[in-house]
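Colleague: Structure of the sequence below:
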Amino acid sequence: MLIAAAAVLGVVAGTCTGYLVQADREPTRLPSLSQPVLAQSKGEAPEPLSAARDRRVKTDGDLRELLLKKPRGTQEAPWPMGEDGWMDLAEYAGNYETPGSTFGGMATDEFRRAAVVGWLDDDYSVEIRLVQFRQEEVLAAADSVANGQYWAEDVEDTDSWAVPGTKEGRAYVHHSPDAEPGYEPLYGAEAHAWRGDIAMEVWVYGIKPVPKKMIMDLAERQMERL
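Modeller: Numbers count the residues shown, from 1 in each chain. Here you go, the predicted structure:
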């Protein structure tokens with residue numbers, strides 16, 4: 001016990017001595033926090049990027065202007081397609097078999113807006129949608145396209161081709177028509193591609209098989225406008 005008490009007293013004494021020595025010393029000066037002044041560059045600021053170099057200049061504007069125009073000689077689409085070329089989230093989700101879950105999923109994926117155009121001729125109906133996402137958390141445009149392609153490839157008797165100039169964009173022709181009692185057989189084709197924060201959807205239906213050239217031409221020309 002005597003040895004242990006002596007050891008404790010020795011530690012305490014050493015600590016006290018250290019504090020006294022440190023207290024008698026002059027404070028150490030800290031380095032200056034100031035930094036050298038940086039010289040400001042002279043001359044005018046650079047011009048903003050053009051739409052050709054900055055894609056957001058184009059896609060943040062009126063999205064409807066990027067849609068293909070209704071061809072001459074065709075009729076206005078007789079089915080509901082939003083208001084004045086815009087399709088809100090509720091109407092967009094209404095195109096799916098499970099609109100409720102689609103609405104929730106698109107809201108989670110940061111749906112921003114959708115522009116739509118459509119027309120009708122003697123044999124075919126066409127609808128094109130540009131769906132834009134905010135993409136603050138996820139790359140939703142690419143995910144939306146992947147989802148559309150998954151379901152397109154799930155249809156039996158379907159051929160598909162890559163859309164030139166796109167990242168993984170594809171066009172599909174479904175050779176077997178949908179046949180319901182009392183209705184003419186309905187053939188279909190579709191295309192899905194994306195660029196930046198915009199997903200493109202092209203839908204074609206007709207009483208005749210949809211030619212590959214038709215769906216490919218629509219998809220290519222629409223993507224060129226993006």
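Colleague: which non-adjacent residue is nearest Gln75?
Modeller: Distance criterion C-beta to C-beta, 6 or more residues apart in numbering; nearest residue to Gln75, sequence neighbours excluded, is Leu120 at 4.6 Å. Every C-beta, even on glycine, is put in place using the N, C-alpha and C of the backbone.
Colleague: got it, and Ala219?
Modeller: Nearest one to Ala219, counting by C-beta to C-beta, 6+ apart, is Ala191 at 3.7 Å.
Colleague: Just the C-alphas of the helix or strand harbouring that neighbour, formatted as PDB.
Modeller: Take DSSP states H and E as the rule and Ala191 turns out to sit in strand 186-195. Extracted C-alpha coordinates of strand 186-195, given in PDB (Å, rounded to 0.1, in the frame of the first residue of the first chain):
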ATOM      1  CA  LEU A 186     -55.500  -4.200 -83.900                       C
ATOM      2  CA  TYR A 187     -51.800  -4.300 -84.700                       C
ATOM      3  CA  GLY A 188     -49.300  -2.400 -82.600                       C
ATOM      4  CA  ALA A 189     -45.700  -1.000 -82.600                       C
ATOM      5  CA  GLU A 190     -43.800   1.100 -80.100                       C
ATOM      6  CA  ALA A 191     -40.400   2.700 -79.500                       C
ATOM      7  CA  HIS A 192     -38.600   3.700 -76.300                       C
ATOM      8  CA  ALA A 193     -35.500   5.800 -76.000                       C
ATOM      9  CA  TRP A 194     -34.100   8.500 -73.700                       C
ATOM     10  CA  ARG A 195     -31.700  11.400 -73.700                       C
END
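Colleague: Direction included, what does that strand pair against?
Modeller: Neighbouring strands of strand 186-195 in its sheet, by DSSP bridges, are strand 170-178 (antiparallel), strand 198-206 (antiparallel).
Colleague: need the contact list for the residue most central in space within the chain.
Modeller: Nearest to the mean C-alpha position of the chain, by C-alpha atoms, centre = their mean, lies Ala141 at 2.8 Å. Counting by C-beta atoms under 8 Å, 6 or more residues apart in numbering, Ala141 touches Val131, Gln132, Phe133, Gln135, Trp194, Arg195, Gly196, Asp197, Ile198, Ala199.
Colleague: for the last one, which residues make a bridge with it?
Modeller: The reference is to Ala199. Val131, Trp194.
Colleague: any idea how far it lies from Ala193?
Modeller: Relative to Ala193, Ala199 is positioned 8 Å away (C-beta to C-beta, to the nearest Å).
Colleague: Quick check: neighbours shared by these two?
Modeller: Val145.
Colleague: So for those two, which sits in the more crowded spot?
Modeller: Ala193 (28 against 24; other C-beta atoms under 10 Å).
Colleague: doesn't Met200 make contact with the more buried one?
Modeller: Yes: in this structure, Ala193 is within contact of Met200 by C-beta atoms under 8 Å, at 5.0 Å.
Colleague: Report the set of residues contacting both of the two.
Modeller: With contacts defined as C-beta under 8 Å, 6+ apart, the residues shared by Ala193 and Met200 are Val145, Gly169, Ala219, Met223.
Colleague: in the protein, which spans are strands?
Modeller: For the chain, applying DSSP state E gives strands covering 75-76, 111-120, 124-133, 158-162, 170-178, 186-195, 198-206.
Colleague: could the ones you listed go into TSV alongside distance to Ser41?
Modeller: Shown next, in TSV, are the strands of the chain (distance: least, C-beta to C-beta, whole Å):
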stretch	distance to Ser41
strand 75-76	55
strand 111-120	37
strand 124-133	36
strand 158-162	46
strand 170-178	48
strand 186-195	35
strand 198-206	36
